[in-house]
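# No sequence on hand, only this structure:
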Ligand SMILES: Cc1cc2nc3c(=O)[nH]c(=O)nc-3n(C[C@H](O)[C@H](O)[C@H](O)COP(=O)(O)OP(=O)(O)OC[C@H]3O[C@@H](n4cnc5c(N)ncnc54)[C@H](O)[C@@H]3O)c2cc1C
């Protein structure tokens, strides 16, 4: 169906249906995205205060066939929060719907509006001595609605799962304005299709998430953290197996780090203290979280000794205070910013079956060397099989020098991921960045079912056009 712009006449009519100051003129900050690849357009910015306001906005948009782009914290990395092509949309920001409505330490459930910032959920859970474990470096700006819409992952997936695994229920507004109340707090509810799992990861293409009920966990109070030097990805996998054997469920994170990440930090963020004088080619950051009566420090030290004896690690640093633990995490969390400062030619957020990871890394590095001379920073959430496989210019060269090679590099990496039975989007989603990859690699039956689901939820195609499916 042909879409219409949010033109002045439509904006005036919409404003009249809503409380004062809900509809505002366009501001530049809603038209930008983190990677600077797309620049959005908009006819107006909608700042609803209630679910009923969201419903009014969507029913008006649906009637007039005006596109709607949900906007959370704007930290998405695949361009889903901006709409560069097509008629001017309504950008619907959830920022005013940011209340945390309940934190229940008996049920271990937190309920919040979609615009609640992730850091505020962490703080609210902590106030009740509970943990909301979703941990991503954008948590000061990203909203829980955006986390759900992208099914965000992060560093604690190994232990607690991704956002999908943390969600018990949702409230959402469908494109025609109907409010779906699925804000269940139940852990068992076998009453047919699980609609919340269609909205989670839908990147604003099926409706607007307005509220969520989410799982809380006991708060580990005792941490064992170490950065250990490994020979390579295969040794890192053996180390992961050993760590799991010794520490079981206490393993909160297991991150693979390549020397280039540490070199980039030294180059662009010299204020950050690096754990090693000479960056090792490969290292692993391990975090164990135990309850107060267990000794995580001695457990991580014992693991270091065992791994050393088994020939899996050659060196390492064990944090002996919370400050040292934070310093190790600052190194890991700052690598994406250092990458941005260096400027990648192409970046790939991929996942692989664990056993295939070492071969994938080896084969990909060789395949890229045949395309050109480049630096690779391969790092990520190894425990989940999630790699950020990013490709950079040689020292002294600029990313623009390689622009002719960019598509070939990405096709090479993604073809290999597919051949190794992995996924070309592990945690960032499809957005606008990977629509052609989805068409290329997704199972055709799955793709046909996804197309039918989109049509069922959004027959007029007003929700975030161009996201997941190309316009
Ligand atoms: C420094 C940095 C580190 C990051 N680390 C990680 C990481 O470790 N793991 C990870 O998974 N991601 C990571 N990200 C990516 C990003 O933070 C996540 O995708 C996050 O979940 C996006 O949330 P947001 O509120 O910013 O959403 P936005 O960027 O505003 O939107 C993202 C998508 O969700 C849709 N959307 C937003 N809110 C709603 C809603 N209420 N209802 C329906 N649709 C909605 C938008 O239309 C868009 O398609 C990182 C980003 C940065 C900048």
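Perfect, I can see it now. No experiment lies behind these values; they were computed from the predicted model shown.
# Hmm, residue 98 is touching residue 121, no?
No: between residue 98 and residue 121 there is no contact under C-beta atoms under 8 Å: 10.2 Å. Bear in mind the C-beta positions are built from the backbone N, C-alpha and C, glycine included.
# quick one, which of those two is more surrounded?
residue 121 (23 against 16; other C-beta atoms under 10 Å).
# quick one: pLDDT of the closest residue to residue 412 other than its chain neighbours?
In this structure, residue 412 finds its nearest non-sequential neighbour in residue 367, 5.2 Å apart by C-beta to C-beta, 6 or more residues apart in numbering. What the model reports for residue 367 is a pLDDT of 97.
# likewise residue 396?
Here the pLDDT value assigned to residue 396 is 89.
# With the one 3 residues further on instead?
With respect to pLDDT, residue 399 has a value of 88.
# Show the contacting residues for residue 165.
residue 215 (C-beta atoms under 8 Å, 6 or more residues apart in numbering).
# Output the below-cut-off pLDDT ranges for the stretch 1-150 of the chain.
Across the stretch 1-150 of the chain, nothing is flagged by pLDDT under 70.
# for the stretch 301-450 of the chain, what spans make up the helices?
Assigned by DSSP state H, counting those that start in this stretch, the stretch 301-450 of the chain shows helices spanning 322-342, 357-371, 406-419, 435-441, 444-457.
# which residues are contacting the second one?
Put plainly, it is helix 357-371. Residues from elsewhere that reach helix 357-371 (C-beta under 8 Å, 6+ apart): 232-234, 237, 352, 374, 376, 378, 382, 385, 387, 389, 391, 405, 408-409, 412-413, 416-417, 420, 422.
# between that helix and helix 406-419, how big is the angle?
Going by axes from the mean of the first three to the mean of the last three C-alpha atoms, to 10 degrees, helix 357-371 is angled at 150 degrees with respect to helix 406-419.
# Helix 357-371: which residues count as buried?
By neighbour count on 16 or more other C-beta atoms under 10 Å, the buried set for helix 357-371 is 357-358, 360-361, 364, 368.
# Please state the offset of that helix from the chain centre?
Its chain's C-alpha centre and that of helix 357-371 lie 25 Å apart, by C-alpha atoms, centre = their mean, to the nearest Å.
# now the fourth one
Counting by C-alpha atoms, centre = their mean, helix 435-441 is centred 19 Å from the centre of its parent chain.
# Doesn't residue 189 belong to a helix?
No: assignment of residue 189 by DSSP: H, G, I helix; E, B strand; the rest coil gives coil, placing it outside any helix.
# Could you count how many residues lie near it?
13.
# what residues are up against it?
Residue 189 neighbours (C-beta under 8 Å, 6+ apart): none.
# Over to the one 10 residues further on?
Contacts were defined as C-beta under 8 Å, 6+ apart; by that measure residue 199 touches 148-149, 170, 172, 206-207, 209.
# you'd agree residue 306 is up against residue 247?
No: if you go by C-beta under 8 Å, residue 306 and residue 247 don't touch, sitting 11.2 Å apart.
# out of those two, which sits in the more crowded spot?
Set residue 306 next to residue 247 and count neighbours by other C-beta under 10 Å: residue 247 wins out with 20 against 16.
# The more buried one - nearest residue in space that isn't next to it in sequence?
The nearest residue in space to residue 247 (C-beta to C-beta, 6+ apart) is residue 288, at 5.1 Å.
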